[in-house]
Every structure is written in structure tokens, then in C-alpha cells.
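Visitor: Got a sequence here, can you build the structure:
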Amino acid sequence: MDIGVLCAKRLDLIDQLEAGVLTKEAFILENYKILEPYENVNVRVDSVEEGILKYHYFNTKAKKMMLDADELEFRAPHQCSKLKNMAYDWYVKKDQVTLQLIGMVEANAMKAYFIHMNSRCLEGQIFEIDFLEHDRVVLHSKDRRILHKLKVAGCFNEERKASKIQSYVNTKIY
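Guide: You can find the predicted model right below:
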């Protein structure tokens, strides 16, 4: 992975999303095109920048699988279920990377909190980690191990807040 090039492409796509040039689905698909050539990406993280890209990689792979699964929901339920399981595996890898990332960053360089969700089922489940010293890096999870680690580090605020990317996280696409 060429970290510098991928970081620049990631930020460019975020700019396009924020400017309204890309929809959430188009944003995911464009990210997938950029990351698709990379195979056998492992979860080991040696730097914050590498961790951000690996989080982005695994998260994008998961979201693309969920989009593909959604298309097959009624036509091929068995295949849909298989794709969703693959997506969950990608999400697990994303959370493994997140655990390493929060171990690499000082607690005072992060803020974490539950975010407001339009979905009743997700309200109080999804939390955001804002990496204060890194350009537009907010990670999301509902992994309880990560939550525990953030609380122990003293950077988790129990008060629910709007996400820094509120409209993105609350736009349902699958």
C-alpha cells in the first residue's frame, strides 16, 4: 500500500462527498475501486497512518459486500446471507485495526462518544472516535472491547453527540 497516495485519494473522495458531488453509495464504490487492487491486507498496524488506511480498507470492503448483498436479498437469499457474513468478517478486521490504533495514540489526542442514530436499533450502539491530530479521521464501531479500552483510557464521554459526519452515518443505503 502506498500510504501517501492512498491518503490523498481518501481525502479527495471525502472532499467530493462533503461537497455533494458524491452520494454515500458512490463514495463507497469509488473507495472500493481505489482499494480493490490490494489483496491479502493483514490487520497488523505499524503506524497511525497505516492503521487509518487499513481501517478504511476493511470498512470499505465490508460496506461493498453489504451493498452487493442488498441487491441479492430477494433474488438469491442464500447468496445474500453469504455476502453479509463476509461483510461481518471485514468489520471484525476493521475493529482489530481500531484496537491497535487507539493503543498507538495518546488518550488526550482522541475523543470518543456515542453518536445519535436515526435507527432505534443502532441508537446507543455506535460510537465515534475522533482522532484530533489527524485530518478528518473519525472511526466508528460498536465493539465492546474498543469501548472498554476507550473508557479505561479516559477519553470516552458518555453524553451522546451528533457525529462529525452525521448525514453520512444516517443515510441508509442497505
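
Visitor: Going by C-alpha atoms from here, please, whenever you check contacts or count neighbours.
Guide: OK.

Visitor: Can you tell me which helices and strands the longest helix belonging to the chain packs against?
Guide: Counting residues, the longest helix found in the chain (DSSP state H) is helix 77-104. For helix 77-104, the packing partners by 3 or more C-alpha pairs under 8 Å, 6 or more residues apart in numbering; DSSP states H and E come out as helix 48-72, helix 144-153.

Visitor: what's the angle from the one helix or strand residue 34 maps to to helix 48-72?
Guide: For residue 34, the enclosing helix or strand under DSSP states H and E is helix 24-35. Using axes from the mean of the first three to the mean of the last three C-alpha atoms, to 10 degrees, the inter-axis angle of helix 24-35 relative to helix 48-72 is 120 degrees.

Visitor: Number of residues surrounding residue 30?
Guide: By other C-alpha atoms under 10 Å, the residues close to residue 30 number 17.

Visitor: how close does the nearest residue to it once chain neighbours are set aside get to residue 61?
Guide: Residue nearest to residue 30 in three dimensions, not counting chain neighbours: residue 13, with 7.7 Å by C-alpha to C-alpha, 6 or more residues apart in numbering. According to C-alpha to C-alpha, to the nearest Å, residue 13 and residue 61 sit 16 Å apart.

Visitor: For the residue most central in space within the chain, give me its contacts.
Guide: Against the mean C-alpha coordinate of the chain, by C-alpha atoms, centre = their mean, the closest residue is residue 59 at 4.6 Å. Residue 59 is in contact with 90, 91, 94, counting by C-alpha atoms under 8 Å, 6 or more residues apart in numbering.

Visitor: Am I right that residue 113 sits in a strand?
Guide: Yes - assessed with DSSP: H, G, I helix; E, B strand; the rest coil, residue 113 lies in a strand.

Visitor: How many neighbouring residues does it have?
Guide: Counted with other C-alpha under 10 Å, residues neighbouring residue 113 total 24.

Visitor: now the residue nearest to residue 28 when sequence neighbours are not counted: how far from residue 135?
Guide: Excluding its sequence neighbours, the residue lying closest to residue 28 (C-alpha to C-alpha, 6+ apart) is residue 60, at 6.3 Å. Using C-alpha to C-alpha, one obtains 19 Å as the distance from residue 60 to residue 135.
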